[in-house]
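1. sequence and predicted structure below; questions after.
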Amino acid sequence: MSDKIYDAVVVGAGMSGLAAGIRMAQFDRNVCILEKHSTIGGLNSFYRRNGRNFDVGLHALTNYAPKGTKAGPLARIVRHLRMSWDEFGLTQQNGSSIAFPGVSLNFTNDFGVLETEIAEKFPSQIDGFRRMVDGLVGYDQLGLGTAGGSAREYVSSHISDPALVDMIFCPLLYYGGAREQDMEFGQFCVMFRSIFLEGFARPFDGVRHILLKLLKKFRNLGGELRLRCGVEKIVSDGDSVDRIILDNGEEIRAKRYLSSAGWPETMKLCGLPDAAAQLPAGKLGFIETISVLDAPPKKFGHDKTIVFFNDSERFDYRNPNELVDLRSGVVCSPNNFAYTEPLEENMIRITALANYDLWRQLSPEEYRRQKLLWYERTLESAARFIPDFRRHVVDVDMFTPLTIQRYTGRERGAIYGAADKKYDGLTPFKNLFVCGADQGMVGVIGALVSGVAIANKYALAD
(Lines give C-alpha, C1' and ligand atoms only; values in the text may rest on other atoms or scores of the structure.)
Protein backbone atom coordinates (compact mmCIF):
# COMPACT_ATOMS: atom_id res chain seq x y z
CA MET A 1 0.00 0.00 0.00
CA SER A 2 1.34 3.42 -0.96
CA ASP A 3 1.99 5.99 1.75
CA LYS A 4 0.25 8.59 -0.39
CA ILE A 5 -3.15 9.71 0.91
CA TYR A 6 -5.40 11.54 -1.54
CA ASP A 7 -7.77 14.27 -0.48
CA ALA A 8 -10.46 12.41 -2.40
CA VAL A 9 -10.89 9.26 -4.44
CA VAL A 10 -13.81 9.00 -6.88
CA VAL A 11 -15.10 5.61 -8.02
CA GLY A 12 -16.26 5.87 -11.63
CA ALA A 13 -15.26 8.23 -14.47
CA GLY A 14 -18.78 8.94 -15.69
CA MET A 15 -20.27 12.41 -15.92
CA SER A 16 -20.91 12.73 -12.17
CA GLY A 17 -17.48 11.38 -11.23
CA LEU A 18 -15.68 13.71 -13.63
CA ALA A 19 -17.71 16.71 -12.46
CA ALA A 20 -16.98 15.91 -8.81
CA GLY A 21 -13.29 15.49 -9.61
CA ILE A 22 -13.11 18.81 -11.44
CA ARG A 23 -14.92 20.66 -8.68
CA MET A 24 -12.62 19.33 -5.97
CA ALA A 25 -9.47 19.87 -8.05
CA GLN A 26 -10.48 23.51 -8.56
CA PHE A 27 -9.89 23.97 -4.84
CA ASP A 28 -6.49 22.30 -4.92
CA ARG A 29 -7.72 18.96 -3.65
CA ASN A 30 -5.53 16.04 -4.65
CA VAL A 31 -8.07 13.87 -6.49
CA CYS A 32 -7.86 10.43 -8.09
CA ILE A 33 -10.65 8.98 -10.23
CA LEU A 34 -10.77 5.19 -10.58
CA GLU A 35 -12.46 3.65 -13.63
CA LYS A 36 -12.79 -0.10 -14.24
CA HIS A 37 -13.38 0.31 -17.97
CA SER A 38 -10.78 1.25 -20.60
CA THR A 39 -12.49 4.56 -21.34
CA ILE A 40 -14.42 7.30 -19.58
CA GLY A 41 -18.13 8.08 -19.65
CA GLY A 42 -19.87 5.27 -17.78
CA LEU A 43 -23.53 5.27 -18.77
CA ASN A 44 -22.88 8.08 -21.27
CA SER A 45 -19.87 6.96 -23.24
CA PHE A 46 -18.70 6.27 -26.80
CA TYR A 47 -16.90 3.59 -28.74
CA ARG A 48 -15.57 2.91 -32.21
CA ARG A 49 -16.69 -0.03 -34.34
CA ASN A 50 -16.08 -0.77 -38.02
CA GLY A 51 -14.38 2.61 -38.35
CA ARG A 52 -17.43 4.47 -37.00
CA ASN A 53 -18.03 6.42 -33.79
CA PHE A 54 -21.05 5.38 -31.71
CA ASP A 55 -22.53 7.08 -28.66
CA VAL A 56 -23.75 5.09 -25.68
CA GLY A 57 -26.58 6.56 -23.63
CA LEU A 58 -26.86 10.06 -25.06
CA HIS A 59 -29.90 10.66 -27.25
CA ALA A 60 -30.01 14.32 -26.39
CA LEU A 61 -28.74 16.59 -23.69
CA THR A 62 -31.71 17.95 -21.76
CA ASN A 63 -31.91 21.22 -19.78
CA TYR A 64 -30.86 23.24 -22.82
CA ALA A 65 -30.49 26.99 -22.29
CA PRO A 66 -29.23 29.64 -24.75
CA LYS A 67 -25.76 31.10 -24.28
CA GLY A 68 -25.71 33.72 -21.54
CA THR A 69 -28.70 32.37 -19.61
CA LYS A 70 -28.24 33.18 -15.90
CA ALA A 71 -30.57 30.63 -14.31
CA GLY A 72 -31.14 26.90 -14.63
CA PRO A 73 -29.02 23.76 -14.26
CA LEU A 74 -26.91 24.27 -17.39
CA ALA A 75 -26.01 27.82 -16.36
CA ARG A 76 -25.05 26.61 -12.90
CA ILE A 77 -22.88 23.85 -14.33
CA VAL A 78 -21.11 26.32 -16.62
CA ARG A 79 -20.30 28.48 -13.59
CA HIS A 80 -19.35 25.72 -11.15
CA LEU A 81 -17.12 23.85 -13.60
CA ARG A 82 -15.74 27.17 -14.89
CA MET A 83 -16.39 26.21 -18.48
CA SER A 84 -17.62 28.37 -21.32
CA TRP A 85 -20.92 27.84 -23.12
CA ASP A 86 -19.00 27.27 -26.32
CA GLU A 87 -17.12 24.34 -24.79
CA PHE A 88 -20.37 22.37 -24.67
CA GLY A 89 -20.91 23.04 -28.39
CA LEU A 90 -24.67 22.56 -28.21
CA THR A 91 -27.13 22.66 -31.11
CA GLN A 92 -30.89 22.60 -30.47
CA GLN A 93 -33.35 20.00 -31.70
CA ASN A 94 -35.41 20.55 -34.86
CA GLY A 95 -38.54 19.31 -33.13
CA SER A 96 -39.83 16.14 -31.51
CA SER A 97 -43.17 14.41 -30.99
CA ILE A 98 -45.16 12.06 -28.77
CA ALA A 99 -47.13 9.64 -30.96
CA PHE A 100 -50.07 7.73 -29.46
CA PRO A 101 -53.05 6.01 -31.12
CA GLY A 102 -54.94 8.64 -33.08
CA VAL A 103 -53.08 11.65 -31.73
CA SER A 104 -49.60 13.18 -31.71
CA LEU A 105 -48.17 16.10 -29.78
CA ASN A 106 -45.30 18.04 -31.34
CA PHE A 107 -42.88 19.99 -29.16
CA THR A 108 -39.67 21.98 -29.51
CA ASN A 109 -37.49 23.96 -27.11
CA ASP A 110 -40.21 26.63 -27.28
CA PHE A 111 -42.72 25.53 -24.64
CA GLY A 112 -45.46 27.48 -26.40
CA VAL A 113 -45.46 24.87 -29.19
CA LEU A 114 -46.54 22.14 -26.76
CA GLU A 115 -49.17 24.41 -25.20
CA THR A 116 -50.65 25.12 -28.61
CA GLU A 117 -50.68 21.42 -29.50
CA ILE A 118 -52.52 20.51 -26.30
CA ALA A 119 -55.00 23.36 -26.75
CA GLU A 120 -55.81 22.09 -30.27
CA LYS A 121 -55.92 18.35 -29.57
CA PHE A 122 -57.12 18.30 -25.95
CA PRO A 123 -59.11 21.57 -25.73
CA SER A 124 -60.95 20.55 -22.57
CA GLN A 125 -57.63 19.90 -20.79
CA ILE A 126 -55.56 23.00 -21.58
CA ASP A 127 -56.64 25.01 -18.54
CA GLY A 128 -55.84 22.13 -16.23
CA PHE A 129 -52.50 21.62 -17.98
CA ARG A 130 -51.58 25.26 -17.43
CA ARG A 131 -52.57 25.06 -13.76
CA MET A 132 -50.44 21.94 -13.43
CA VAL A 133 -47.41 23.71 -14.91
CA ASP A 134 -47.96 26.76 -12.71
CA GLY A 135 -48.02 24.50 -9.66
CA LEU A 136 -44.71 22.80 -10.30
CA VAL A 137 -42.37 23.61 -7.46
CA GLY A 138 -38.98 25.10 -8.22
CA TYR A 139 -36.46 22.30 -8.12
CA ASP A 140 -33.06 22.34 -6.47
CA GLN A 141 -30.67 23.23 -9.26
CA LEU A 142 -27.75 21.91 -7.23
CA GLY A 143 -29.21 18.44 -7.04
CA LEU A 144 -29.89 17.98 -3.32
CA GLY A 145 -33.64 17.79 -3.55
CA THR A 146 -35.93 15.63 -1.47
CA ALA A 147 -38.36 12.87 -2.26
CA GLY A 148 -42.02 13.56 -2.83
CA GLY A 149 -45.35 11.89 -3.40
CA SER A 150 -46.81 10.39 -6.54
CA ALA A 151 -46.39 12.51 -9.66
CA ARG A 152 -49.29 10.69 -11.35
CA GLU A 153 -51.61 11.72 -8.56
CA TYR A 154 -50.52 15.34 -8.97
CA VAL A 155 -50.90 15.35 -12.76
CA SER A 156 -54.24 13.51 -12.64
CA SER A 157 -55.57 16.06 -10.17
CA HIS A 158 -55.25 18.68 -12.94
CA ILE A 159 -55.78 16.60 -16.11
CA SER A 160 -58.77 14.27 -16.39
CA ASP A 161 -57.96 12.67 -19.77
CA PRO A 162 -55.80 9.57 -19.11
CA ALA A 163 -54.41 9.67 -22.65
CA LEU A 164 -52.92 13.12 -22.09
CA VAL A 165 -51.57 12.05 -18.70
CA ASP A 166 -49.82 9.12 -20.38
CA MET A 167 -48.47 11.32 -23.17
CA ILE A 168 -46.91 13.68 -20.64
CA PHE A 169 -45.29 10.81 -18.75
CA CYS A 170 -43.96 8.90 -21.77
CA PRO A 171 -40.87 11.09 -22.49
CA LEU A 172 -40.22 11.70 -18.79
CA LEU A 173 -40.21 8.03 -17.88
CA TYR A 174 -38.19 6.92 -20.89
CA TYR A 175 -35.55 9.56 -20.17
CA GLY A 176 -35.38 9.23 -16.41
CA GLY A 177 -37.89 6.78 -14.93
CA ALA A 178 -36.33 4.35 -12.46
CA ARG A 179 -39.65 3.04 -11.16
CA GLU A 180 -42.57 1.45 -12.93
CA GLN A 181 -45.49 3.60 -14.10
CA ASP A 182 -44.81 6.63 -11.88
CA MET A 183 -42.23 9.10 -10.57
CA GLU A 184 -41.72 10.88 -7.30
CA PHE A 185 -43.14 14.38 -7.53
CA GLY A 186 -39.73 16.04 -7.07
CA GLN A 187 -38.24 13.94 -9.87
CA PHE A 188 -41.22 14.77 -12.08
CA CYS A 189 -40.58 18.49 -11.58
CA VAL A 190 -36.95 18.02 -12.63
CA MET A 191 -37.77 15.90 -15.67
CA PHE A 192 -40.72 18.01 -16.88
CA ARG A 193 -38.64 21.16 -16.77
CA SER A 194 -35.60 19.54 -18.35
CA ILE A 195 -37.52 18.13 -21.35
CA PHE A 196 -40.47 20.46 -21.93
CA LEU A 197 -39.54 23.81 -20.36
CA GLU A 198 -35.83 23.74 -21.26
CA GLY A 199 -35.45 21.17 -24.02
CA PHE A 200 -33.08 19.09 -26.13
CA ALA A 201 -29.66 19.83 -27.63
CA ARG A 202 -26.62 17.86 -28.76
CA PRO A 203 -22.95 18.53 -29.50
CA PHE A 204 -21.99 18.02 -33.13
CA ASP A 205 -19.52 15.24 -32.19
CA GLY A 206 -21.87 13.61 -29.69
CA VAL A 207 -21.19 12.75 -26.09
CA ARG A 208 -17.44 12.31 -26.60
CA HIS A 209 -17.18 16.06 -27.21
CA ILE A 210 -18.33 16.83 -23.65
CA LEU A 211 -16.41 13.95 -22.07
CA LEU A 212 -13.11 14.94 -23.64
CA LYS A 213 -13.61 18.56 -22.55
CA LEU A 214 -14.26 17.40 -18.98
CA LEU A 215 -11.27 15.08 -18.98
CA LYS A 216 -8.94 17.77 -20.31
CA LYS A 217 -10.11 20.19 -17.63
CA PHE A 218 -9.68 17.60 -14.86
CA ARG A 219 -6.15 16.76 -15.95
CA ASN A 220 -5.19 20.43 -16.42
CA LEU A 221 -6.20 20.98 -12.79
CA GLY A 222 -3.80 18.24 -11.71
CA GLY A 223 -6.36 15.47 -11.32
CA GLU A 224 -5.31 11.84 -11.74
CA LEU A 225 -7.38 9.39 -13.80
CA ARG A 226 -6.66 5.67 -13.62
CA LEU A 227 -8.35 3.51 -16.23
CA ARG A 228 -8.69 -0.29 -16.01
CA CYS A 229 -8.66 0.06 -12.22
CA GLY A 230 -11.65 -1.83 -10.94
CA VAL A 231 -12.48 -1.72 -7.24
CA GLU A 232 -12.61 -5.08 -5.49
CA LYS A 233 -13.45 -3.87 -1.99
CA ILE A 234 -14.09 -0.72 0.04
CA VAL A 235 -12.63 -1.36 3.50
CA SER A 236 -14.01 0.41 6.56
CA ASP A 237 -12.52 1.06 9.96
CA GLY A 238 -15.43 1.67 12.30
CA ASP A 239 -17.66 4.41 10.95
CA SER A 240 -15.26 5.54 8.22
CA VAL A 241 -13.80 4.11 5.04
CA ASP A 242 -10.11 3.36 5.55
CA ARG A 243 -8.99 2.29 2.07
CA ILE A 244 -9.96 0.91 -1.31
CA ILE A 245 -8.55 -2.37 -2.60
CA LEU A 246 -8.29 -2.61 -6.37
CA ASP A 247 -8.78 -5.74 -8.46
CA ASN A 248 -5.00 -6.03 -8.79
CA GLY A 249 -4.55 -5.98 -5.02
CA GLU A 250 -3.28 -2.40 -4.78
CA GLU A 251 -4.57 -0.39 -1.83
CA ILE A 252 -5.49 3.30 -2.08
CA ARG A 253 -6.31 5.66 0.78
CA ALA A 254 -8.03 9.04 0.91
CA LYS A 255 -9.65 11.44 3.32
CA ARG A 256 -12.95 11.24 1.45
CA TYR A 257 -14.47 8.85 -1.05
CA LEU A 258 -17.19 9.49 -3.65
CA SER A 259 -18.84 6.67 -5.57
CA SER A 260 -20.85 6.96 -8.78
CA ALA A 261 -21.09 3.18 -9.08
CA GLY A 262 -24.66 3.07 -7.76
CA TRP A 263 -26.02 2.55 -4.24
CA PRO A 264 -26.39 -1.26 -4.20
CA GLU A 265 -23.12 -1.70 -6.08
CA THR A 266 -21.27 0.57 -3.61
CA MET A 267 -22.78 -1.07 -0.54
CA LYS A 268 -21.75 -4.52 -1.78
CA LEU A 269 -18.21 -3.28 -2.29
CA CYS A 270 -18.36 -2.18 1.34
CA GLY A 271 -19.48 -5.65 2.39
CA LEU A 272 -22.94 -4.42 3.41
CA PRO A 273 -25.50 -6.62 1.61
CA ASP A 274 -28.24 -5.48 4.01
CA ALA A 275 -27.63 -1.84 3.11
CA ALA A 276 -27.58 -2.78 -0.58
CA ALA A 277 -30.96 -4.46 -0.16
CA GLN A 278 -32.48 -1.28 1.29
CA LEU A 279 -32.25 0.30 -2.17
CA PRO A 280 -32.04 -2.65 -4.55
CA ALA A 281 -31.07 -2.31 -8.18
CA GLY A 282 -33.87 -1.07 -10.41
CA LYS A 283 -36.12 -3.41 -12.36
CA LEU A 284 -36.07 -1.46 -15.61
CA GLY A 285 -33.72 -2.32 -18.44
CA PHE A 286 -33.61 -1.38 -22.12
CA ILE A 287 -32.41 -2.52 -25.50
CA GLU A 288 -31.21 -0.07 -28.10
CA THR A 289 -30.67 -0.60 -31.79
CA ILE A 290 -28.30 1.63 -33.73
CA SER A 291 -28.76 1.71 -37.51
CA VAL A 292 -26.23 3.41 -39.79
CA LEU A 293 -27.90 4.66 -42.97
CA ASP A 294 -26.74 5.47 -46.48
CA ALA A 295 -28.62 8.78 -46.46
CA PRO A 296 -29.79 11.40 -43.94
CA PRO A 297 -33.23 10.60 -42.44
CA LYS A 298 -34.68 13.74 -44.03
CA LYS A 299 -34.01 12.25 -47.47
CA PHE A 300 -36.70 9.62 -46.86
CA GLY A 301 -39.15 11.94 -45.10
CA HIS A 302 -38.16 11.77 -41.44
CA ASP A 303 -37.35 15.17 -39.91
CA LYS A 304 -38.21 14.69 -36.22
CA THR A 305 -35.34 14.74 -33.72
CA ILE A 306 -36.97 12.34 -31.24
CA VAL A 307 -40.24 10.41 -31.43
CA PHE A 308 -41.72 8.85 -28.30
CA PHE A 309 -44.30 6.30 -29.37
CA ASN A 310 -46.95 4.09 -27.81
CA ASP A 311 -49.38 1.85 -29.72
CA SER A 312 -51.76 0.89 -26.89
CA GLU A 313 -54.74 2.52 -25.24
CA ARG A 314 -52.62 3.06 -22.12
CA PHE A 315 -48.87 3.57 -21.81
CA ASP A 316 -47.43 0.64 -19.84
CA TYR A 317 -43.98 1.46 -18.44
CA ARG A 318 -42.89 -1.64 -16.56
CA ASN A 319 -40.52 -4.59 -16.70
CA PRO A 320 -41.88 -6.61 -19.65
CA ASN A 321 -42.94 -10.25 -19.60
CA GLU A 322 -40.83 -11.08 -22.65
CA LEU A 323 -37.35 -10.13 -23.82
CA VAL A 324 -38.50 -6.78 -25.27
CA ASP A 325 -41.73 -4.78 -25.12
CA LEU A 326 -42.28 -3.09 -28.48
CA ARG A 327 -45.61 -1.53 -27.64
CA SER A 328 -43.75 1.69 -26.87
CA GLY A 329 -40.30 3.13 -27.42
CA VAL A 330 -38.13 6.04 -28.49
CA VAL A 331 -36.72 6.83 -31.93
CA CYS A 332 -33.78 9.26 -31.91
CA SER A 333 -32.28 10.73 -35.07
CA PRO A 334 -28.98 12.52 -34.26
CA ASN A 335 -28.91 14.01 -37.78
CA ASN A 336 -32.14 15.88 -37.04
CA PHE A 337 -30.67 18.48 -34.75
CA ALA A 338 -30.37 21.95 -36.27
CA TYR A 339 -26.77 21.59 -37.40
CA THR A 340 -25.43 23.96 -40.03
CA GLU A 341 -23.46 21.13 -41.68
CA PRO A 342 -24.18 17.42 -42.07
CA LEU A 343 -22.92 14.82 -39.62
CA GLU A 344 -20.29 12.38 -40.84
CA GLU A 345 -22.66 9.43 -40.35
CA ASN A 346 -26.42 9.01 -40.69
CA MET A 347 -28.01 7.12 -37.80
CA ILE A 348 -31.29 6.18 -36.18
CA ARG A 349 -31.39 4.82 -32.64
CA ILE A 350 -34.41 3.02 -31.21
CA THR A 351 -34.90 2.25 -27.51
CA ALA A 352 -37.44 -0.09 -25.90
CA LEU A 353 -38.05 -1.71 -22.51
CA ALA A 354 -36.32 -5.07 -21.96
CA ASN A 355 -36.32 -7.82 -19.35
CA TYR A 356 -32.86 -8.35 -17.85
CA ASP A 357 -33.66 -11.74 -16.27
CA LEU A 358 -34.89 -13.24 -19.54
CA TRP A 359 -31.85 -12.01 -21.48
CA ARG A 360 -29.54 -13.39 -18.79
CA GLN A 361 -31.05 -16.87 -19.08
CA LEU A 362 -30.08 -17.24 -22.73
CA SER A 363 -27.13 -19.33 -23.86
CA PRO A 364 -24.44 -17.40 -25.78
CA GLU A 365 -25.68 -18.81 -29.09
CA GLU A 366 -29.33 -18.04 -28.32
CA TYR A 367 -28.39 -14.59 -27.05
CA ARG A 368 -26.82 -13.74 -30.41
CA ARG A 369 -29.81 -15.16 -32.27
CA GLN A 370 -32.29 -13.20 -30.19
CA LYS A 371 -30.35 -9.97 -30.72
CA LEU A 372 -30.69 -10.39 -34.47
CA LEU A 373 -34.36 -11.26 -34.15
CA TRP A 374 -35.22 -8.34 -31.89
CA TYR A 375 -33.22 -5.92 -34.00
CA GLU A 376 -35.49 -6.72 -36.94
CA ARG A 377 -38.63 -6.60 -34.80
CA THR A 378 -37.63 -3.26 -33.28
CA LEU A 379 -37.17 -1.64 -36.70
CA GLU A 380 -40.46 -3.08 -37.86
CA SER A 381 -42.19 -1.65 -34.80
CA ALA A 382 -40.71 1.83 -35.30
CA ALA A 383 -41.74 1.81 -38.98
CA ARG A 384 -45.33 2.32 -37.79
CA PHE A 385 -44.44 5.78 -36.48
CA ILE A 386 -41.70 7.05 -38.79
CA PRO A 387 -40.95 6.40 -42.48
CA ASP A 388 -39.59 2.90 -43.06
CA PHE A 389 -35.82 3.26 -43.37
CA ARG A 390 -34.81 -0.40 -43.42
CA ARG A 391 -33.62 -0.46 -47.05
CA HIS A 392 -31.15 2.34 -46.18
CA VAL A 393 -29.34 0.42 -43.41
CA VAL A 394 -25.64 -0.25 -44.07
CA ASP A 395 -24.36 -1.14 -40.58
CA VAL A 396 -25.94 -2.05 -37.24
CA ASP A 397 -25.23 -2.49 -33.58
CA MET A 398 -27.42 -3.29 -30.59
CA PHE A 399 -27.09 -3.42 -26.83
CA THR A 400 -29.15 -5.20 -24.19
CA PRO A 401 -29.31 -4.87 -20.38
CA LEU A 402 -26.45 -7.40 -20.24
CA THR A 403 -24.29 -5.09 -22.34
CA ILE A 404 -24.89 -2.26 -19.89
CA GLN A 405 -24.07 -4.47 -16.91
CA ARG A 406 -20.90 -5.75 -18.55
CA TYR A 407 -19.44 -2.35 -19.42
CA THR A 408 -20.69 -0.19 -16.53
CA GLY A 409 -21.08 -2.61 -13.62
CA ARG A 410 -24.70 -1.54 -13.14
CA GLU A 411 -26.64 -4.41 -11.62
CA ARG A 412 -29.37 -5.69 -13.94
CA GLY A 413 -28.24 -3.12 -16.50
CA ALA A 414 -30.52 -0.62 -14.75
CA ILE A 415 -29.55 2.63 -16.47
CA TYR A 416 -31.58 4.83 -14.12
CA GLY A 417 -30.55 2.95 -11.01
CA ALA A 418 -32.62 2.13 -7.97
CA ALA A 419 -36.31 3.01 -7.82
CA ASP A 420 -35.73 4.94 -4.59
CA LYS A 421 -32.93 7.46 -4.30
CA LYS A 422 -30.43 8.68 -1.73
CA TYR A 423 -31.00 12.37 -2.33
CA ASP A 424 -28.64 13.45 0.44
CA GLY A 425 -25.80 11.28 -0.93
CA LEU A 426 -25.01 9.92 2.53
CA THR A 427 -23.91 6.36 3.29
CA PRO A 428 -23.33 4.45 6.56
CA PHE A 429 -19.77 5.84 6.54
CA LYS A 430 -19.05 9.47 7.36
CA ASN A 431 -16.44 9.90 4.62
CA LEU A 432 -18.14 7.99 1.78
CA PHE A 433 -20.81 9.60 -0.42
CA VAL A 434 -22.75 8.56 -3.51
CA CYS A 435 -23.34 10.69 -6.60
CA GLY A 436 -25.00 10.08 -9.96
CA ALA A 437 -28.23 8.26 -10.79
CA ASP A 438 -28.82 6.74 -7.35
CA GLN A 439 -28.36 10.14 -5.76
CA GLY A 440 -31.37 11.16 -7.82
CA MET A 441 -30.04 12.95 -10.89
CA VAL A 442 -30.12 11.39 -14.38
CA GLY A 443 -29.04 12.45 -17.84
CA VAL A 444 -25.88 14.34 -18.73
CA ILE A 445 -26.72 17.61 -16.98
CA GLY A 446 -28.29 15.77 -14.04
CA ALA A 447 -25.14 13.70 -13.56
CA LEU A 448 -22.93 16.80 -13.74
CA VAL A 449 -25.19 18.56 -11.22
CA SER A 450 -25.00 15.57 -8.88
CA GLY A 451 -21.20 15.42 -8.96
CA VAL A 452 -20.88 19.14 -8.27
CA ALA A 453 -23.53 19.07 -5.53
CA ILE A 454 -21.96 16.19 -3.61
CA ALA A 455 -18.45 17.66 -3.95
CA ASN A 456 -19.64 21.05 -2.72
CA LYS A 457 -21.58 19.74 0.25
CA TYR A 458 -19.26 17.07 1.57
CA ALA A 459 -15.80 17.28 0.03
CA LEU A 460 -15.33 21.06 0.10
CA ALA A 461 -17.07 21.74 3.40
CA ASP A 462 -13.78 22.45 5.14
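-> Cool, the structure landed.
2. the strands in the stretch 1-150 of the chain, which residues?
-> Taking DSSP state E, counting those that start in this stretch as the test, the strands found in the stretch 1-150 of the chain are 5-11, 31-34, 45-49, 52-56, 90-92, 96-100, 103-107.
3. make CSV from the ones you listed and add distance to Glu366 and mean neighbour count to it.
-> Where you see a C-beta, it was placed from the backbone N, CA and C, and this is true even at glycine. Below are the strands of the stretch 1-150 of the chain laid out as CSV (distance: least, CB to CB, whole Å; neighbours: other CB atoms under 10 Å):
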stretch, distance to Glu366, mean neighbour count
strand 5-11, 34, 23
strand 31-34, 35, 25
strand 45-49, 23, 16
strand 52-56, 24, 19
strand 90-92, 41, 19
strand 96-100, 33, 23
strand 103-107, 37, 19
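4. dump those into a markdown table; add mean pLDDT as well.
-> Conversion of the strands of the stretch 1-150 of the chain to a markdown table gives the following (pLDDT from 0 to 100):
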| stretch | mean pLDDT |
| --- | --- |
| strand 5-11 | 97 |
| strand 31-34 | 98 |
| strand 45-49 | 82 |
| strand 52-56 | 82 |
| strand 90-92 | 97 |
| strand 96-100 | 98 |
| strand 103-107 | 98 |
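5. any idea which of these gets closest to Ile287?
-> Comparing the strands of the stretch 1-150 of the chain by their distance to Ile287 (CB to CB), the top pick is strand 52-56, with 12.9 Å.
6. quick one: distance of the closest one to the chain centre.
-> Centroid separation between strand 52-56 and its chain, computed with CA atoms, centre = their mean, to the nearest Å, is 16 Å.
7. got the angle between it and strand 45-49?
-> With axes from the mean of the first three to the mean of the last three CA atoms, to 10 degrees applied, the angle from strand 52-56 to strand 45-49 works out at 150 degrees.
8. and strand 52-56, which strands flank it?
-> Take DSSP bridges as the rule and strand 52-56 pairs in its sheet with strand 45-49 (antiparallel).
9. tell me the buried residues in stretch 352-361?
-> Ala352, Leu353, Ala354, Asn355, Tyr356, Leu358, Trp359 (16 or more other CB atoms under 10 Å).
10. in helices, which of these fall?
-> With helices identified by DSSP state H, the entries of those that belong to them are Tyr356, Leu358, Trp359.
11. sorry, back to before: dump the strands of the stretch 1-150 of the chain into JSON lines; add distance to Lys371 as well.
-> As requested, the strands of the stretch 1-150 of the chain are exported to JSON lines (distance: least, CB to CB, whole Å):
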{"stretch": "strand 5-11", "distance to Lys371": "30"}
{"stretch": "strand 31-34", "distance to Lys371": "31"}
{"stretch": "strand 45-49", "distance to Lys371": "15"}
{"stretch": "strand 52-56", "distance to Lys371": "16"}
{"stretch": "strand 90-92", "distance to Lys371": "32"}
{"stretch": "strand 96-100", "distance to Lys371": "26"}
{"stretch": "strand 103-107", "distance to Lys371": "30"}
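12. thanks a lot, see you next time.
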